[in-house]
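Colleague: Got a sequence here, can you build the structure:
(one chain, ligands or ions: 1)
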Amino acid sequence: MSDASNAPPALLEVRDVSKAFGAVAVLRSVSLEVTRGEVVTVIGPSGSGKTTLLRCVNFLESYDSGSIRIDGREVGYRDAATRQRRSERDLASMRAETGMVFQGFNLFPHLTAAGNIMLGLTKVRGKSAAEARSIAEHWLGRVGLAHKADSLPAELSGGQQQRVGIARAVAMEPKILLLDEITSALDPELVGEVLAVVRSLAEDGMTMLMVTHEMAFARDASSRIVFMADGGVSAVGPPKEILAAETTNERLRSFLARFR
Ligand code: ADP
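Modeller: This is a model prediction of the structure:
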């Protein structure tokens with residue numbers, strides 16, 4: 001009869017993850033869960049460990065202790081030896097479970113929009129070129145860029161490049177999408193089109209863990225918000241609760257004051 005037994009199992013479970021760079025503790029026993037269909041937003045001051053957390057979930061970074069599971073399967077790696085035991089192909093296929101979109105657009109400059117999306121589909125997912133092209137066209141349509149399939153990144157605006165980046169990540173059918181400050185490098189007038197794409201994916205039930213400084217968006221789009229400070233989770237709860245002006249959490253209050 002306990003609540004825990006009735007709760008849906010977490011799609012992503014981060015349990016007591018700690019990490020130091022040399023003597024600097026960057027993550028201090030971080031725990032969080034994202035259930036299927038949830039959009040969880042991580043906010044917090046610069047240097048609080050948000051990006052490092054996402055990089056640990058996507059195996060771009062190792063951690064020192066704790067565990068990270070997706071659908072019950074341990075996915076992160078704690079040390080270089082574990083990493084070496086996994087082939088590059090294994091790592092690539094595990095990474096594909098967690099699509100990641102970065103602040104910089106990270107598109108391959110010599111490949112078209114469709115080519116960028118097709119690459120992982122053919123190399124990692126083993127799709128034929130024809131299948132990959134048709135999936136790429138589907139997702140480009142979904143982000144409003146059907147007419148840009150054959151454009152190179154340099155021929156696209158920043159907002160369009162970021163929409164291709166999102167299409168590239170979701171085309172791999174990840175179980176969870178990780179978004180790391182994906183609008184921070186954009187001119188303000190281009191932020192809305194990218195957030196609209198994220199919102200429509202959320203409405204379709206895509207599970208997401210995102211880091212953003214767009215507080216209005218976090219308030220509207222998140223199921224829950226995690227506030228990080230100094231490498232730890234300082235507060236977690238529904239947006240209304242976390243973003244409330246009258247919060248008693250001093251650090252959260254002073255962080256939020258910057259956005260008012
Ligand atoms: P946030 O995303 O919240 O701004 P980060 O995860 O980028 O925070 O960084 C957390 C801390 O870890 C910062 O103090 C940063 O300087 C440090 N850090 C991040 N990456 C490295 C690295 N590769 N080597 C050493 N220190 C790092």
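Colleague: What parts of the stretch 51-200 of the chain come near the ligand?
Modeller: 51-52 (Cβ under 6 Å from any ligand atom). Every residue, glycine included, has its C-beta placed from N, CA and C.
Colleague: quick one: low-confidence ranges for this protein?
Modeller: 1-8, 76-87, 89, 93 (pLDDT under 70).
Colleague: Would you point out which residue is most central in it?
Modeller: Leu178 (1.1 Å; Cα atoms, centre = their mean).
Colleague: Please give me every residue in contact with it.
Modeller: By Cβ atoms under 8 Å, 6 or more residues apart in numbering, Leu178 lies in contact with 54, 57-58, 98-101, 208-210.
Colleague: ok, now which ones touch the spatially closest residue to Glu214 that is not a sequence neighbour?
Modeller: Nearest residue to Glu214 in three dimensions, chain neighbours excluded: Thr183, at 6.2 Å (Cβ to Cβ, 6 or more residues apart in numbering). Thr183 is in contact with 162, 190-191, 194-195, 212, 214, counting by Cβ under 8 Å, 6+ apart.
Colleague: Same check on Glu214?
Modeller: 183, 191, 195.
Colleague: where does the first one land in three-state SS?
Modeller: The reference is to Thr183. coil (DSSP: H, G, I helix; E, B strand; the rest coil).
Colleague: what's the spacing between it and the ligand?
Modeller: From Thr183 across to the ligand, the span is 15 Å (Cβ to the nearest ligand atom, to the nearest Å).
Colleague: any idea where the strands of the stretch 151-260 of the chain begin and end?
Modeller: 176-180, 208-211, 224-229, 232-237 (DSSP state E, counting those that start in this stretch).
Colleague: Turn the ones you listed into JSON lines, including distance to Val26.
Modeller: Output for the strands of the stretch 151-260 of the chain, formatted as JSON lines (distance: least, Cβ to Cβ, whole Å):
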{"stretch": "strand 176-180", "distance to Val26": "15"}
{"stretch": "strand 208-211", "distance to Val26": "14"}
{"stretch": "strand 224-229", "distance to Val26": "11"}
{"stretch": "strand 232-237", "distance to Val26": "10"}
